[in-house]
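A.B. asks: Fold the following for me, if possible:
(one chain, ligands or ions: 1)
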Amino acid sequence: MTARALLAIASSLLALLFSSSLVAQAHDASVANHQPHYYDVEDFGIDPDSVTFADHIAPILQRSCQNCHRPGGGGPMVLMTYEEVRPWAPIIKYRTAIRDRMGAMPPYFLEKDIGITEFKDDYSLSDEELAMIQAWADNGAPRGNPENEPPMLAFGDGNEWSIGEPDLILRSGDFSRPAVGPDWWGDIGLVPTGLTEDRYVSAIQVREVNDIPADGDTGTVGGRYIVHHMTYNSGVLSEDGTEVVGDTVSWPIHEVGRNADIFSEKAGRLLPANSALHLEATHMHSNGRETSAYVEFGIKFFPVGYEPQYSRRGPRTGNGIDIDVVPNKANQEFHNYVVLQEHTKIMAFEPHLHAPGVRMCMEAIWGHNQFTLNCVGYDHNWVKQYVYEDDAAPLLPKGTILHTIGFLDTTRANPNLADARNWAGGGRRSVSNMFIDLGYSVSLTEEQFQEEMAVRRANMKDRNDYDVSCPLCWAPEPVDQSLAQGND
Ligand code: HEC
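C.D. replies: Predicted structure coming up:
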């Protein structure tokens, strides 16, 4: 055997040994090599000739598409009736098969073959649903029996609150942008809440109200709004009412197209008596039409007397500063490591990169283990937050190293990129880059951590059942040393 053959064997053994830790990195994230996910519907026990709009496709469109692809929704065309859907069949087949990469429809880029799969409001398609769409499109998109079509969904005018009727609606001052002008970025002031007692928020939704007519001749989301995004916090108003003072609470960022935030029942956020929202940083842009607008905040509260179980925020991950993005190169990686100082429950993962971003993964390194919690594709046209189901949210012991990995592609294959030729560093502008997880986590006490794990264990069949979100679930429970000594 030659030395080279020996080397090959040794390195494949090594690869086997470390394969579990290589899973996330070994992935080819370059846009040029994105592979659509095509399936054979017969593998799901379905006769391809039997797949019809009425029986199979309409229910998928109702659940996962029509919220946007309806009159007044954000999508470019309506996908409600058979006549509306039929011409799009081949493109629907392609866009849904992209699944977890930029350009995918519906825009929910979770990689389903790795890590945790239970998320709130997950409207992505299953393998079987993709297979049905593909068989249907390949078969000439037959209608089937119209009598089998589900009743049409009724939608409002698009102005209703997705969180339901708010308990409190707050309104910013008015602002405007000229038809043409430079982008604007700055503080747009305070919004007093008028609360006379402390209340905990269960949900918050932010929306821009402006004077652009609903049927305005704009085909783009950017043409329908002037606020691009806004960061804001809250705190108690100073005596003269000109600033917020003391501890402030920061709220999830508002971005065009971002969903409302529904907080965990265990982690409501405080809006104290005599507080105000401080709209500290808003990015506005001109859209070709002189526009006046304000932003509205729809807020729902937990009942009076509610106290959150978890109020301490976990750490932020990512690196916004020393970023070095080289031109015209696929599969560039950013890495960030945070050592958890407390037991931590991760409630939501929200990758935030800029135009070169194509994917982000989150791994937990604990003891000898390195495991992937999740990987999601990234498309800078969309703001996506992935909120874990409460009983699937990662429960990580203190000392865990949380590792986030951003994947970038600055080649011409990436359609989001303005120019493939330039080096870029970190910064706030779209031509600069970011690498952060805007999701959120909470710190748990030892007692809370043990309680959460006991609930998880009760859901598992036996000790051989492994839950990637709970690495310590089957570890021996810590013994109270003081009691043990007292028994001597
Ligand atoms: C959250 C809103 C949203 C959801 C949900 C959504 N879409 Fe879209 N869709 C859009 C927007 C906005 C665009 C245009 C921008 C783009 O192409 O990314 C689009 C584009 C498309 C296109 C390409 C149109 C063209 O001109 O080529 C197709 C096809 C499509 N969607 C099909 C679907 C299907 C099928 C579903 C459900 C399985 C779906 N979409 C779910 C918002 C949505």
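A.B. asks: Average pLDDT for stretch 167-175, rounded please.
C.D. replies: Averaged across stretch 167-175, pLDDT comes to 96.
A.B. asks: neighbouring contacts of that stretch?
C.D. replies: Stretch 167-175 is touched from outside by 188-189, 191, 193, 195, 226, 277, 279, 284, 292-301, with contacts defined as C-beta atoms under 8 Å, 6 or more residues apart in numbering. (Each C-beta comes from the backbone N, C-alpha and C, glycine too.)
A.B. asks: swap the cut-off to 6 Å and go again
C.D. replies: Residues outside stretch 167-175 that contact it (C-beta atoms under 6 Å, 6 or more residues apart in numbering): 189, 191, 279, 294-301.
A.B. asks: got it, and stretch 377-385?
C.D. replies: By C-beta under 6 Å, 6+ apart, the residues outside stretch 377-385 that reach it are 100-102, 107, 109, 255, 257-258, 348, 350-351, 353, 355, 357-360, 416.
A.B. asks: Show me what secondary structure element comes after the helix or strand bottoming out on mean pLDDT in the chain.
C.D. replies: For the chain, using mean pLDDT, DSSP states H and E, the weakest element among its helices and strands is helix 19-22, scoring a mean of 41. Later in the chain than helix 19-22, the nearest helix or strand by DSSP states H and E is helix 58-64.
A.B. asks: and that following helix, does that touch the ligand?
C.D. replies: Yes. Contact between helix 58-64 and the ligand is present through residue 64 (criterion: C-beta under 6 Å from any ligand atom).
A.B. asks: Quick check: buried residues in that helix?
C.D. replies: In terms of neighbour count (16 or more other C-beta atoms under 10 Å), helix 58-64 has its buried residues at 58, 60-62, 64.
A.B. asks: Also stretch 472-480?
C.D. replies: The neighbour-count check on stretch 472-480 (16+ other C-beta under 10 Å) flags 472-474 as buried.
A.B. asks: ditto for stretch 179-192
C.D. replies: Residues 184, 188, 190-191 are the ones in stretch 179-192 that count as buried (16+ other C-beta under 10 Å).
A.B. asks: Residue 107 versus the closest residue to the ligand within the stretch 251-400 of the chain, what's the distance?
C.D. replies: Closest to the ligand within the stretch 251-400 of the chain is residue 381: 5.6 Å, counting by C-beta to the nearest ligand atom. According to C-beta to C-beta, to the nearest Å, residue 381 and residue 107 sit 8 Å apart.
A.B. asks: Also residue 396?
C.D. replies: Computed as C-beta to C-beta, the residue 396 to residue 107 distance reads 28 Å.
A.B. asks: The two: who's more crowded?
C.D. replies: With neighbours defined as other C-beta atoms under 10 Å, residue 396 and residue 107 compare such that residue 396 has more, 27 against 18.
A.B. asks: follow-up on the earlier one: which among the contacts of stretch 167-175 end up buried?
C.D. replies: 191, 279, 294-301.
A.B. asks: export these to JSON lines and tack on distance to the ligand, secondary structure and pLDDT?
C.D. replies: JSON lines is the format used below for the buried ones among the contacts of stretch 167-175 (distance: C-beta to the nearest ligand atom, whole Å; DSSP: H, G, I helix; E, B strand; the rest coil; pLDDT from 0 to 100):
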{"residue": "191", "distance to the ligand": "27", "secondary structure": "strand", "pLDDT": "97"}
{"residue": "279", "distance to the ligand": "25", "secondary structure": "strand", "pLDDT": "97"}
{"residue": "294", "distance to the ligand": "24", "secondary structure": "strand", "pLDDT": "96"}
{"residue": "295", "distance to the ligand": "20", "secondary structure": "strand", "pLDDT": "96"}
{"residue": "296", "distance to the ligand": "20", "secondary structure": "strand", "pLDDT": "96"}
{"residue": "297", "distance to the ligand": "21", "secondary structure": "strand", "pLDDT": "97"}
{"residue": "298", "distance to the ligand": "19", "secondary structure": "strand", "pLDDT": "97"}
{"residue": "299", "distance to the ligand": "23", "secondary structure": "strand", "pLDDT": "97"}
{"residue": "300", "distance to the ligand": "22", "secondary structure": "strand", "pLDDT": "97"}
{"residue": "301", "distance to the ligand": "27", "secondary structure": "strand", "pLDDT": "97"}
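A.B. asks: Which of the three states applies to residue 337?
C.D. replies: Assigned with DSSP: H, G, I helix; E, B strand; the rest coil, residue 337 falls in the strand class.
A.B. asks: Report how many residues lie close to it.
C.D. replies: Neighbour count for residue 337, taken as other C-beta under 10 Å: 12.
A.B. asks: Likewise for residue 249?
C.D. replies: Around residue 249 there are 17 residues (other C-beta under 10 Å).
A.B. asks: Equivalent analysis for the one 5 residues further on, please.
C.D. replies: Counted with other C-beta under 10 Å, residues neighbouring residue 254 total 23.
A.B. asks: May I ask which helix or strand encompasses the residue lying closest to it once chain neighbours are set aside?
C.D. replies: Nearest non-adjacent residue to residue 254, counting by C-beta to C-beta, 6 or more residues apart in numbering: residue 206, 4.0 Å away. Using DSSP H and E, the secondary-structure element containing residue 206 is strand 199-210.
A.B. asks: how about the residues of the chain near the ligand?
C.D. replies: Contact residues (C-beta under 6 Å from any ligand atom) of the chain with the ligand: 64-65, 67-69, 74-76, 88, 91-92, 95-96, 105-107, 125, 381.
A.B. asks: Just the buried subset of those, please.
C.D. replies: Listed as buried from the residues of the chain next to the ligand are 64-65, 67-69, 88, 92, 95-96, 105-107, 125; burial here means 16+ other C-beta under 10 Å.
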